[in-house]
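> here you go, sequence then predicted model.
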Amino acid sequence: MRRLLFILLFLVVTAPIYAQTVTLKGSVSDEGGKLPGVSVGVSGSSVKTATDGNGNFSIPVKRNDVLTFTYVGYQSQNVTYTGQASLQVVLKASSVGLEETVVVGYAVQKKATLTGAVSSISAETLTKRSVASLSTAMQGTMPGVTIQQTSGQPGADGSTIRIRGIGSINSNTTPLVLVDGIEMDINQVDANMVESMSVLKDAASASIYGSRASNGVILITTKRGKAGSINTTYSGYSTIQTPTNMPEVVPAWQYLQAELNAWDNAGVSVSPSQREQQLKLIEDQKNLMPDNWNRYDTDWKEETMKDNSVMQSHNLSMSGGTEKLRFFGSGSYLKQDGLIPNNDYSRLNIQLNTDLKVLPWMNVGLISSLRESNTKAPGLGTPKSIINKSLYMLPTLSAARELDGNWGYGKNGDNPVALANASGYDKDKVSEVLLNGTVTMTPMKGMEVVGQYSRRGVTTRGTKLITPYTTSLKGQVMGIYPAEDNLREDWQETIRNFYRAQGSYERTEGGHYGKLLVGFQAEDNNYSSFYGAKKVFELDRYYLDNGDGSTATSGGGANGWSMMSGYARLNYTFSDKYLLEVNGRYDGSSRFTSNNRWGFFPSVSSGWVISKESFMEPTRSYLDMLKVRVSYGLLGNQNIGNYPYTATINPGYGYYLGDNKELVPGVAQTALSNSNISWEKSKQFDVGLDVGLWNDKLTLTADYYVKTVYDMLMKFPLPYYAGMQPAFTNAGDMENKGWELSIGHRNKVNDFTYGVTLTLNDNRNKITNLNGLNSQDKTMVEGYPNQGIWGYLNDGYYADWDDVANSPKLGSAARPGFVKYKKVYQGENVDPKLIDTRDMVYLGDPFPHYEFGLNLNAGWKNFDLTAFIQGVGERAMFMSGVGLKPFAAGGNLFTHQLDSWTPENTNASYPLLVPEANTGDNYVRSDKWVRDASYARLKNVVLGYTFPKALTQKLKLGSLRMYLSGQNLFTLSNFEKGYDPEVTYDGSVGGEFYPIMQTYTFGLDLKF
């Protein structure tokens, strides 16, 4: 009883003490120092405060109160007050927090304080896809970046990259690619050596590169060594490649039947004996095997192309070092075989990155790299043209190889199988040596001084040998093709020197942060080349000193250009809440006259982190980031060739001089000049939104932009009597408007992790000013997209001769079963039955629209799975030439062209089947032949397994991962059967292409 009374008395006396409110003081920091503006609150009450400019706070609390500390970009933290005299809290940055950095122009910035439109890709994403070209590995990872793979040819399967639309009509439209600050070919860079990649899309982020940034900038940094033990990694894969799509040609009997039908449809006179002979050939081809003497039914595609080809890649990397000396070394080898003989590509990349700490305040970095690529193709024809000849060449011409062992005669000696195997070779060896040195000094806190020099030398040696081959037909030698042999050797060298001096100073005072960066840059580029060639070689010894001297030719040339620039950037932030950035660059280019070579390219951008405002405090338990960005700036494009303002004199012209009127060699000016031209310019406006929720489990980035290109370099037609080509003039304007969206979600449930990222964007291009001079072919029309498709509207087919007589016609060849066109243009004195170019209308844009990419990843224990779906929601493409017309260029038909008009088949896909010479206006540019090139494609799937540590430790390995991968596995599309909607079709006979590859890969990642 006495003990119970004592406990009650104690509680009565001490209760006021426990319930007493005290003022708790403390500070909040992270690994870098004190944090101002951190929200501090008592859980379950309205008591709240925030840290001051020095990261300190004071708050009334009671014992056992739970204090909650929240700050944008950092993980929230709860601390229970148990009577501490003071409290020091250290916050950890969240995964996409203030400490995550992104490479921008000449610097690195915190992602949370960016005010420009910048996208980045991790090295892991780039290497997982196991593709030959780095540009293709980027596809679908960033909104606003259009990447089209238009070919699967070894060494030429890189993708076309456009950032936020088409930036010019006559100038370069590809982005500036800088690898460790030096301009390079993106497809010569091995993905295994990449540490990070950033894409600068708007003027605010790219204007610091001035006149070179109109088409956007891609920044690539390569890996560096870290202090510690030496780490060795090996990555390798082997790939089987097969074409995604190929049109199917008809066999000999169907071709012969179609040929006879075409003659009859066109009214071509066929004698009874000729008809009987043709019908017998058809029956024999149906019922008898070809004997390559009386009957030919050659499958040129099967004889020319392989069903699949092999690609392999190997990379070995080592890194490590001490605090004073660090290194990263990497060597890679890629070999890619083509679909035809004598067609392959190989690439060797060797790079050594070293970092030496000379003094506590001075570091020296040196990048040394060697890149060498070898491309091989047949001597005659390109791989693309040979493949397409194998598709449309007639099966009845000859055998691929005749019974006497000679090559088949083909089409007048032109035999795609012989071209691939026996026409010689065309080899190109490209060697690139780079030395890139940087000195970085930090003489005082906040100050950094950088000096950089690099020398990049690219040497190309080409050897093209054409060897004639003997052709036969039915045992009779028809001669050799081509008529003469030929050997040509080329040599080209480009040397580029790059110089940079840069200083920056940054300082934080309370909640204020500022950084000023100022730099100077210069570069020069010198190119030289020569070649020699001979014909008529003896004894098959193909060296230039062994040919006929009378056939010798030679030539060469040289050019150079240089640039000088000054640039600056000012960054200011207050409490990481209000953000401001100002950029400027002053460029001078030798490509223009002294009066026009200098230009100033400024930009300004700002951001507001709304989520850090006090009125957003109720949302801080789930809202990590809400930021609005706005930017405006000017950019330029000086990549328009060397000295376009000059009057050039061309040799090769003769003049009759003297009393005897002797012809003497001379020169002539063939084009007018304009010394007043300067670079093209663009002004860009961008507004963006960044959102992060639930510790960045859900993220969203959205942008809307307007990009106006003006002072474009244009050539306007001259009267024929001028006798010269027109000069360039700064006289055109164009506009790109677009929007971008990226949504990401990631989570972990026990041992299962997953992530989903969707990118979606659209860009609309429009030419706004051509001074009223639309191009005659209507590829450039004011108010419409550049290279937009124009043509006629079809109205079905002419049903009969009365329909022909009473309907509008494009030409006199119209007949029943031919394409009928609509009369669109109306006006006074306009013949309602005569269709002309005024009746052409806009039919579509070949530039992709509503591009999307869906990246999926998942992991369970030691398994990992990634899948990538990519596509285009809207795109128009006009098919032409052999890709469209039956019998085009004297060739075969494809199976889909057999559905042609007859009186019984009036809804056929193709008009009345007639010989090519009799097709009239059936295949002019019209909506009938504009195809829907939208598609959705399962672009990539990777399934990997990482072996347990217990096993790898027994094997004395760091880690071991094996994976299976597939590329271009499945496509949904309404495009032309047998053709790929992503490919561009062109060539001398139209519709030529090298198919994109569908690949199956087995790979291995090993760490020692």
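Received it, and whenever you're ready, just let me know what you need.
> what's the local residue count around the residue lying closest to residue 56 once chain neighbours are set aside?
With Cβ to Cβ, 6 or more residues apart in numbering as the criterion, residue 56 has its nearest non-adjacent residue at 5.0 Å, and that residue is residue 27. C-beta coordinates here come from the backbone N, C-alpha and C atoms, glycine included. By other Cβ atoms under 10 Å, 18 other residues sit near residue 27.
> same check, this time on the one 10 residues further on
Close neighbours of residue 37, defined as other Cβ under 10 Å, add up to 21.
> check residue 907 too.
The local packing of residue 907 (other Cβ under 10 Å) involves 8 other residues.
> okay, now the sheet partners of the helix or strand harbouring the residue nearest to residue 56, with direction.
Assigned by DSSP states H and E, residue 27 belongs to strand 22-30. When pairing is defined by DSSP bridges, strand 22-30 lines up against strand 33-34 (antiparallel), strand 56-61 (antiparallel), strand 86-90 (parallel).
> buried residues in that strand?
24, 26, 27, 28, 30 (16 or more other Cβ atoms under 10 Å).
> where along this structure do the helices fall?
Counting by DSSP state H, the chain has helices at residues 2-19, 123-128, 134-137, 203-206, 252-266, 272-287, 300-304, 383-392, 416-422, 801-806, 949-954.
> quick one, which of the ones you listed is packed in tightest?
Of all those, helix 203-206 has the most neighbours on average by mean count of other Cβ atoms under 10 Å, namely a mean of 32.
> show me what that one is packed against.
strand 598-609, strand 623-637, strand 680-693 (3 or more Cβ pairs under 8 Å, 6 or more residues apart in numbering; DSSP states H and E).
> which other helices and strands does the shortest one contact?
Using 3+ Cβ pairs under 8 Å, 6+ apart, the elements in contact with strand 598-609 are helix 203-206, strand 578-589, strand 623-637.
> list the buried residues for the longest strand seen in the chain?
Taking DSSP state E as the criterion, the chain has its longest strand at strand 548-574. Neighbour-count burial for strand 548-574, counted by 16+ other Cβ under 10 Å, picks out 561, 563, 564, 565, 566, 567, 568, 569, 571, 573, 574.
> that one pairs with which strands, and in what direction?
Strand 548-574 has these strand partners (DSSP bridges): strand 512-535 (antiparallel), strand 578-589 (antiparallel).
> looking at the helices of the chain, spot the one closest to residue 712.
Closest to residue 712 of the helices of the chain is helix 203-206 (Cβ to Cβ; 16.9 Å).
> hmm, who's touching the closest one?
Applying Cβ atoms under 8 Å, 6 or more residues apart in numbering, the contact partners of helix 203-206 are 104-105, 114-118, 200, 213, 216-217, 581, 583, 603-605, 631-635, 682-684, 686.
> can you give me the pLDDT of the residue nearest in space to the middle of the chain?
With distances taken as Cα atoms, centre = their mean, the residue of the chain nearest its centroid is residue 161 (2.8 Å). Looking at residue 161, its pLDDT reads 92.
> beta partners for it?
Taking DSSP bridges as the rule, residue 161 bridges to residue 147.
> I figured it hits residue 146, correct?
Yes: counting by Cβ atoms under 8 Å, residue 161 sits close enough to residue 146 to count as a contact (7.2 Å).
> so where's the stretch 301-450 of the chain shaky on pLDDT?
The stretch 301-450 of the chain contains no residues with pLDDT under 70.
> now do the chain
For the chain (pLDDT under 70), the answer is 1-19, 31-32, 72-74, 93-99.
> need the contact list for residue 418.
Applying Cβ under 8 Å, 6+ apart, the residues contacting residue 418 are 400, 407, 408, 410, 469, 471, 481.
> would you list the helices and strands packed on helix 203-206 in TSV and tack on mean neighbour count?
Output for those, formatted as TSV (neighbours: other Cβ atoms under 10 Å):
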stretch	mean neighbour count
strand 598-609	21
strand 623-637	22
strand 680-693	21
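> so which residues make contact with the strand holding residue 27?
Strand 22-30 is contacted from outside by 34-35, 38, 40, 51, 54-62, 67, 69, 71, 74, 81, 84, 86-93, 99, using Cβ under 8 Å, 6+ apart.
> which among the residues you listed end up buried?
By neighbour count, with 16+ other Cβ under 10 Å, the contacts of strand 22-30 hold 34-35, 38, 40, 51, 55, 57, 59, 61, 67, 69, 71, 74, 81, 87, 89, 91, 93, 99 as buried.
> before we move on, the earlier item: could the helices of the chain be laid out in a markdown table, adding distance to residue 224?
Shown next, in a markdown table, are those (distance: least, Cβ to Cβ, whole Å):
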| stretch | distance to residue 224 |
| --- | --- |
| helix 2-19 | 56 |
| helix 123-128 | 12 |
| helix 134-137 | 19 |
| helix 203-206 | 23 |
| helix 252-266 | 62 |
| helix 272-287 | 67 |
| helix 300-304 | 47 |
| helix 383-392 | 39 |
| helix 416-422 | 45 |
| helix 801-806 | 74 |
| helix 949-954 | 26 |
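> which among these is found nearest to residue 654?
Comparing these by Cβ to Cβ, helix 383-392 comes nearest, at 34.1 Å.
> thinking in terms of the whole chain, how far from its middle is that closest one?
Here helix 383-392 shows a centroid-to-chain-centroid distance of 25 Å under the convention Cα atoms, centre = their mean, to the nearest Å.
> just say which of the strands paired with strand 548-574 is most tucked in.
Of the strands paired with strand 548-574, the one with the most neighbours on average (mean count of other Cβ under 10 Å) is strand 578-589, at a mean of 21.
> roughly how far is it from the heart of the chain?
27 Å.
> just the CA atoms of it, as PDB, please.
Taking Å, rounded to 0.1, in the frame of the first residue of the first chain, the C-alpha atoms of strand 578-589 are listed here in PDB:
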ATOM      1  CA  TYR A 578      13.600  29.900 -57.700                       C
ATOM      2  CA  LEU A 579      15.900  29.100 -60.600                       C
ATOM      3  CA  LEU A 580      17.500  31.300 -63.300                       C
ATOM      4  CA  GLU A 581      20.000  30.600 -66.000                       C
ATOM      5  CA  VAL A 582      21.400  33.000 -68.700                       C
ATOM      6  CA  ASN A 583      23.600  31.700 -71.500                       C
ATOM      7  CA  GLY A 584      25.400  33.500 -74.300                       C
ATOM      8  CA  ARG A 585      27.900  32.600 -77.100                       C
ATOM      9  CA  TYR A 586      29.700  34.800 -79.500                       C
ATOM     10  CA  ASP A 587      30.800  32.800 -82.600                       C
ATOM     11  CA  GLY A 588      33.000  33.600 -85.500                       C
ATOM     12  CA  SER A 589      33.300  31.200 -88.600                       C
END
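> relative to strand 623-637, how tilted is that strand?
Inter-element angle recorded for strand 578-589 and strand 623-637: 20 degrees (by axes from the mean of the first three to the mean of the last three Cα atoms, to 10 degrees).
> got the angle for strand 578-589 vs strand 598-609?
170 degrees.
> show me the contacts for the nearest residue to residue 194 once chain neighbours are set aside.
What sits nearest to residue 194 in space, not counting adjacent residues and going by Cβ to Cβ, 6+ apart, is residue 123, at 5.1 Å. When contacts are counted by Cβ under 8 Å, 6+ apart, residue 123 touches 191, 194, 195, 196, 197, 223.
> pull out the buried members of the residues you listed.
Neighbour counting by 16+ other Cβ under 10 Å classes 191, 194, 196, 197, 223 among the contacts of residue 123 as buried.
> can I get those in CSV including distance to residue 724?
Shown next, in CSV, are the buried ones among the contacts of residue 123 (distance: Cβ to Cβ, whole Å):
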residue, distance to residue 724
191, 48
194, 48
196, 50
197, 45
223, 53
